[in-house]
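Q: Take a look and give me a structure for this.
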Amino acid sequence: MDSSIDVLVIGGGATGAGIARDLALRGVDVTLVERDGLAAGASGRSHGLLHSGARYAEADGPEARACLEESHTLRRIAGACIRETRGLFVQLAADDPAYFEAKRRACDDAGISTEVVDAGAVRETIPDVTDDLERAMWVPDGVVVPSRLVAANAADVSEHGGRIRTHAPVRSMTREDDRIASVALGGEVDRTVRPRYVVNATGPHAGRIADMAGVSVAMRPTRGVMVSVAYDGLGPVLNRCREPADGDIIVPHDGEVVLGTTSVAVEDPDDYERANWEVERTIEECAAMLPPVADADRVRTWWGVRPLYEPDEAARGGRGISRGFHLLDHADDGLANCCSIVGGKLTTYRKMAEATADLVCDRLGVDADCSTADRQLPAVTDPTQLDAFVERFDGQGPTDSDIVDRTDPP
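A: Numbering: from 1, shown residues only. Okay, the predicted model is just below:
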């Protein structure tokens, strides 16, 4: 690994890997470093929903449209990193019918296709759905396999001359006037590099990395629990059609379903309580939609931490808001060669990466356009090869550990 590099991307989730891929495809010399294996943080610890935009349609129409656009893009470029399921927003007897209608109108305004169906029609698709179901609405949701998605992006970085360095935590940074002069890396790399530009794509850890560089990024991370239980035969994603609350989504896998989630503020995204009440509440609330999950065998439980940006959270006022992203150019803070990308959702990682790569190329004087929306990721028609990429980059997360087979191809 050369000590002098053009761009150092810190963070090996979907956004960091997407940024590195975008830059590599534009011919930029890029190195990505991650303190663990790829997808070890928020990307690999989610419920894995591929957003159609419907979940946030009434809160933020522009962001809902961005989700819809990016979900179409991922279906074109990501192959077996995506699972086609569709989704249902279900209204139960206790839910406000006015909210259902507001959701439907907002989806229509955002261009998200919907189809309202009665309880009988839903029961033909999901026989175990609750007897309390009043009606439901089909939307074009799907499921992401994040370990594959992140690893495929990383493989493309390597194929185009970039470098992926896992188990390489950032130990410190040195500034010279208005620039980061060097970054000390530990772990398996254990050396100091001198980048021309640094991208902070570390999710809920963005504040800590920014502190090393002498700038401030105010984060408000929140934890959420996911519980995977044994249940076979659920086709679509189930969303409770009510104001966002605990236990309002069920994501189908093969032979399992993932129940989610809660939202509790945490001080430290590495050290936080894993509370049993969150598990029990999530199961109870999800069972209101699909009663058999209440007594189903629990396969695994994990928490994820959302990389929420404090000023945005304060302005919007709480849970249920849209998860837009924020690109922070630290030249505005007196640090000329660094930016941070925070917030967002897994579905919009590519759009976040494009915006970041545009900024980096502008700062480096690189005249090259983004091609990631039209260029297919490598090996996306070959799940075995995708899973070999996951193995190569030590990329397994709990979201999809029942789907990804981390073995070398024959």
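Q: okay, CA-based contacts and neighbour counts for the rest of this
A: Noted.
Q: which residues sit against the helix or strand in which Val143 is found?
A: Under the criterion of DSSP states H and E, Val143 resides in strand 142-144. With contact meaning C-alpha atoms under 8 Å, 6 or more residues apart in numbering, strand 142-144 is reached by 48-52, 81-87, 236-237, 251-252.
Q: what residues are up against Val299?
A: If you count contacts by C-alpha under 8 Å, 6+ apart, Val299 has them with 227-230.
Q: re the thing from before, roughly how far is the strand holding Val143 from the heart of the chain?
A: Its chain's average C-alpha position is 11 Å from that of strand 142-144, according to C-alpha atoms, centre = their mean, to the nearest Å.
Q: After the helix or strand of the chain with the lowest mean pLDDT, which helix or strand is next? Please name it.
A: Ranking every helix and strand in the chain by mean pLDDT, DSSP states H and E puts helix 310-316 at the bottom, with a mean of 71. Counting by DSSP H and E, the next helix or strand C-terminal to helix 310-316 is strand 325-329.
Q: quick check: mean pLDDT across the next helix or strand after that following strand?
A: Using DSSP H and E, the helix or strand that follows strand 325-329 towards the C-terminus is strand 338-343. The pLDDT scores in strand 338-343 average 97.
Q: before we move on, what about stretch 261-280?
A: For stretch 261-280, mean pLDDT rounds to 96.
Q: Same check on stretch 395-410?
A: The pLDDT scores in stretch 395-410 average 80.
Q: Give me the below-cutoff pLDDT ranges for the protein.
A: For the chain, the stretches with pLDDT under 70 are 1-2, 313-323, 406-410.
Q: Could you break it into its assigned domains?
A: What automatic domain parsing lists as the domains of the chain is 4-43+146-219+322-400, 87-139+222-306.
Q: on that earlier part again, past the strand holding Val143, which element shows up next along the chain?
A: helix 146-159.
Q: Could you list every helix and strand in contact with that following helix?
A: With contacts taken as 3 or more C-alpha pairs under 8 Å, 6 or more residues apart in numbering; DSSP states H and E, helix 146-159 sits against helix 14-25, strand 163-165, helix 383-392.
Q: deepest of the ones you listed, which one?
A: helix 14-25 (a mean of 30; mean count of other C-alpha atoms under 10 Å).
Q: what's the helix or strand just after that one in contact with?
A: Per DSSP H and E, the first helix or strand lying C-terminal to helix 14-25 is strand 30-33. Residues from elsewhere that reach strand 30-33 (C-alpha under 8 Å, 6+ apart): 5-12, 16-17, 20, 23-24, 162-169.
Q: buried stuff in the stretch of helix or strand Ile283 belongs to?
A: For Ile283, the enclosing helix or strand under DSSP H and E is helix 276-287. Using 16 or more other C-alpha atoms under 10 Å as the test for burial, helix 276-287 gives 278-279, 281-287.
Q: who touches the residue nearest to the spatial centre of the chain in this structure?
A: Nearest to the geometric centre of the chain sits Leu346, at 2.4 Å (C-alpha atoms, centre = their mean). By C-alpha under 8 Å, 6+ apart, the contact list for Leu346 reads 14-15, 43, 50.
Q: Over to it: give its phi and psi.
A: The phi and psi values for Leu346, taken as degrees, to the nearest 10, are phi -60, psi -40.
Q: mind checking how far it is from Val264?
A: 20 Å (C-alpha to C-alpha, to the nearest Å).
Q: Also Asp246?
A: Asp246 is 10 Å from Val264, where distance means C-alpha to C-alpha.
Q: Next up, the contacts around the residue lying closest to Pro292 once chain neighbours are set aside.
A: Leaving aside its sequence neighbours, Pro292 sits nearest to Asp128 (C-alpha to C-alpha, 6 or more residues apart in numbering; 7.1 Å). By C-alpha under 8 Å, 6+ apart, the residues touching Asp128 are 290-292.
Q: Assumed Asp128 was part of a helix.
A: No: Asp128 sits outside any helix when classified using DSSP: H, G, I helix; E, B strand; the rest coil, being coil.
Q: For stretch 208-228, measure first residue to last.
A: Stretch 208-228 has an end-to-end distance of 31 Å (C-alpha to C-alpha).
Q: re earlier: between the helices and strands packed on helix 146-159, which one is nearest to Val305?
A: helix 14-25 (14.5 Å; C-alpha to C-alpha).
Q: who touches that closest one?
A: Here helix 14-25 has contacts from 9-11, 29-32, 39, 43, 146, 149-151, 153-154, 156-157, 160-162, 201-202, 346, 349-350, 352-354, 356-357, 361, 370-372, using C-alpha under 8 Å, 6+ apart.
Q: Drop anything exposed from those.
A: Neighbour-count burial (16+ other C-alpha under 10 Å) applied to the contacts of helix 14-25 gives 9-11, 29-32, 39, 43, 146, 149-151, 153-154, 156-157, 160-162, 201-202, 346, 349-350, 352-354, 356-357, 361, 370, 372.
Q: Tell me which residues of stretch 363-383 come out buried.
A: For stretch 363-383, the neighbour count (16+ other C-alpha under 10 Å) marks 370, 372-373, 376-380, 383 as buried.
Q: Kindly indicate which of those lies nearest Ala296.
A: Checking these against Ala296 by C-alpha to C-alpha gives Pro383 as the nearest, at 28.6 Å.
Q: quick one: contacts for the closest one?
A: So Pro383 contacts Ala80 (C-alpha under 8 Å, 6+ apart).
Q: what about the helices in this protein?
A: Listed from the start of the chain, the chain has helices (DSSP state H) covering 14-25, 61-77, 97-110, 119-125, 146-159, 206-213, 276-287, 310-316, 349-364, 383-392.
Q: Out of the ones you listed, flag the one nearest Ala331.
A: Closest to Ala331 of these is helix 349-364 (C-alpha to C-alpha; 10.1 Å).
Q: What lies in contact with that closest one?
A: For helix 349-364, contacts defined as C-alpha under 8 Å, 6+ apart pick out 14-16, 18-19, 22-23, 70, 197, 325, 327, 337, 341, 344, 367-370, 372-373.
Q: That one to helix 14-25, inter-axis angle?
A: Counting by axes from the mean of the first three to the mean of the last three C-alpha atoms, to 10 degrees, helix 349-364 lies at 50 degrees to helix 14-25.
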